[in-house]
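> how would this look folded up:
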Amino acid sequence: MPNRRRYRRVTMPPPMEGFKPFGIPMRELEPVVLLYEEFEAIRLADYENLTQEEAAAKMNISRPTFTRLYEKARKNIAKAFVEGKAIFIQGGTYITDDYWYRCYDCHETMISIKPAKHCRKCDSDNIIQLNNQSGTDEKI
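Prediction:
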């Protein structure tokens, strides 16, 4: 019997919703989904240059789990690059201590310790919460 699935700690939301190949209209692209925790694994290992042990500790998961997550993220990114697909960053099994918001008017990504109603950059109320109230999102 497998162990229960642990929520992966994600400390920073991506500054964008995804990527698309240059020169191809979005309506003609098939997307590849990169989960928030996969984005976090790439960020910690490749951008922050942490070892897999350090990154796994930050995400509150085991090192073998981190390795599987990291490899899946790399495969998804490679598939998108080689096959010319869009990358959507969304969903997953994660937990966060903060509230994440994105403003649709100025495209600012905000992190707040309490719920927000307005963008702190442009004061617009046209914002969307990226993570749900409980801090987890199991939809894919």
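> name the nearest residue to the residue positioned nearest the centre of the chain, ignoring sequence neighbours.
Using Cα atoms, centre = their mean, the residue of the chain that lies closest to the mean C-alpha position is Tyr36, 2.5 Å off. Among residues not flanking Tyr36 along the chain, Gly92 sits closest, at 4.5 Å (Cβ to Cβ, 6 or more residues apart in numbering). For every residue, glycine as well, the C-beta is placed using N, CA and C.
> my guess is the one you found contacts Ala41. True?
No. The pair Gly92 / Ala41 is not scored as a contact, 10.7 Å apart, by Cβ atoms under 8 Å.
> in the helix ranked longest in the chain, what's buried?
With secondary structure taken from DSSP state H, the chain has its longest helix at helix 63-83. For helix 63-83, a neighbour-count test (16 or more other Cβ atoms under 10 Å) marks Thr65, Phe66, Thr67, Leu69, Tyr70, Ala73, Asn76, Ile77, Ala80 as buried.
> now stretch 40-48
Per 16+ other Cβ under 10 Å, stretch 40-48 contains these buried residues: Glu40, Ala41, Ile42, Arg43, Leu44, Ala45.
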